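**Student:** quick one, fold the following:
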Amino acid sequence: MSEDNITRLHVDGKEIILIGTAHVSRQSAEQVKEVIERERPDSVCIELDEQRFQSVMDSNKWKETDIFKVIKDKKATLLLMNLAISSFQNRMAKQFDIKPGQEMIQGIESAKETGAEIVLADRNIQITFSRIWHNLGFMGKAQLLNGVIFSIFSKDTISEEELENMKKQDTLNAVLAEFTTSFPKLKTPLIDERDQYLAQKIKEAPGDKVVAVLGAAHVPGITKEIYKEQDLAALSEVPPKSIIPKIIGWTLPILVVALIIVTFFVNPTAGFDQALSWILWTGGMAAIGAAVALAHPLAIVSAFFAAPITALHPILASGWVSGLVQAFVRRPTIADFETLSEDVFTIKGFWKNKVTRILLVVVLTNLFGSLGTFIGGADVIRLFFNNF
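**Tutor:** Model (predicted):
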C-alpha cells in the first residue's frame, strides 16, 4: 500500500506519524489498521471530538434526544445542521456502498487492540459552529442555513468527480467548502483554527510515538502548525455575542411601541393601522415560515399569534412556540428516531420525519419571523411619518 499519504515528523523528542486519510475510502481504513499494527504507537489521535465520537460509536444515540429540551436550550439550529451533514454522509454511503468515517472507527479499534491510548484530537463541533456563526451577519447566517440544509439535497446522486474532491477533505469541510468562497472569514474557524487545535493535541499526546488519523486536507496545515505553541483555551472560546444585535433587538421593539402609542394619541385610526401592519407582517411571515416547514395547522396559528409578541422581546422567538406546539401535537415516536438516519437521505424523508419536521418548524418560523419583524417595523415607521 502506498506510503504517499503518511507524513513522519519529529517534534520535541517525539515521533509523530500523520496518516492523511480519505473519509470515503475503504483503502484508508485498511491503511490505518496496517500502520498502527506495524508502528505500535503509545497514542493514537483521532480527528473526532467527544460528541462525534459518541455518534460514531453509538449509532442509536439519536434515540436519547429530548426534542423539547433541544428547543428550550436553543439548539434546534445546531441539531438541524448536524443532521444535514449526517444526511450528506449517509447519501454517500448509500450511493457508493461505503461507510464514512470508517477509518476513524478503525483507528479506535486498532488503538484498543494494540494497547495505545486514544486521544480525541478535534475541537468540539459546537464551538466550531459557534465561531463560524460569529463571523456571519444576519444575511450570511440565512444564506448559510439555506445552503447547508437545502443544497445538500439538491441532487440524489454524487458524481465521481465530486467524490474524488471529497476524498481530499473532511466531511465538515466538504459540506461548507463552497461557503468559504462566498464568506472568506469561514476558512479561519473551519480549517485554520482546527489545524492549530489538532496540531497541539497531537503534540501533547502521551508517549514517544504518536499516530494521528486525519482527513488528508488537514495534514499540510498541521505539518506547519505543529512546531508552534497553540493556545487551546483561546481556540476553544465561544465568541462573546456582539452587543450590536442586542441594541438593535431592543431598539426596534421600543421604537415600534413608542411610535404606535404616539400615533394613537394623535390619530387613533392611523395608530390602529400601524398595530395591524405590525401584527400582519410579523405574524404573517412567521406563519409562512411554519407553513413552508409543513407544520401542523395549530403550530402555524401559534406562530402567527406568537410572533407579534415575541418580536417585541429579543430573548423570545416565535419558532420556539410553534416548535413546542408541533412537538406536542406531532410528538416524535421511537420509530421516528430509529428511522432518522434513513429519513435524512432525501428532502421527502427530511420533511416526513417528525423529529426533523419539528426542527424545520423552529428554524424556518424564526427565519421568516425575523424578516417580518424588519418589514413590519419599517412599515410602522412609514405610517408614522405619513401621518405627521
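**Student:** identify the residues contacting the residue nearest to Ile226 when sequence neighbours are not counted.
**Tutor:** Take Ile226 and drop its neighbours on the chain: the residue closest to it by C-beta to C-beta, 6 or more residues apart in numbering is Ala199, 4.1 Å away. C-betas here are computed from N, CA, C, even on glycine. Contact analysis of Ala199 by C-beta atoms under 8 Å, 6 or more residues apart in numbering lists Gly221, Ile222, Glu225, Ile226, Lys228, Gln230.
**Student:** from Gly349, how far off is Ala199?
**Tutor:** Between Ala199 and Gly349 the distance is 39 Å, computed by C-beta to C-beta, to the nearest Å.
**Student:** tell me where this protein has strands.
**Tutor:** 6-11, 14-21, 43-46, 117-120, 209-215 (DSSP state E).
**Student:** turn those into a markdown table, including distance to Val257 and mean neighbour count.
**Tutor:** Shown next, in a markdown table, are the strands of the chain (distance: least, C-beta to C-beta, whole Å; neighbours: other C-beta atoms under 10 Å):
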| stretch | distance to Val257 | mean neighbour count |
| --- | --- | --- |
| strand 6-11 | 61 | 14 |
| strand 14-21 | 57 | 22 |
| strand 43-46 | 53 | 27 |
| strand 117-120 | 49 | 17 |
| strand 209-215 | 51 | 26 |
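**Student:** now those in JSON lines, with mean pLDDT?
**Tutor:** JSON lines is the format used below for the strands of the chain (pLDDT from 0 to 100):
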{"stretch": "strand 6-11", "mean pLDDT": "92"}
{"stretch": "strand 14-21", "mean pLDDT": "92"}
{"stretch": "strand 43-46", "mean pLDDT": "96"}
{"stretch": "strand 117-120", "mean pLDDT": "96"}
{"stretch": "strand 209-215", "mean pLDDT": "93"}
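**Student:** which of those sits closest to Gly319?
**Tutor:** Nearest of these to Gly319, taken as C-beta to C-beta: strand 117-120 at 32.6 Å.
**Student:** elements contacting the closest one?
**Tutor:** Contacting strand 117-120 under the criterion 3 or more C-beta pairs under 8 Å, 6 or more residues apart in numbering; DSSP states H and E are the following elements: strand 43-46, helix 102-114.
**Student:** quick one: contacts for the nearest residue to Lys201 once chain neighbours are set aside?
**Tutor:** Counting by C-beta to C-beta, 6+ apart, Ala121 is the residue found nearest to Lys201 once chain neighbours are left out, at 3.9 Å. Ala121 sits next to Cys45, Ile46, Glu47, Leu48, Tyr197, Leu198, Lys201, Ile202, Ala205, Ala212 when contact means C-beta under 8 Å, 6+ apart.
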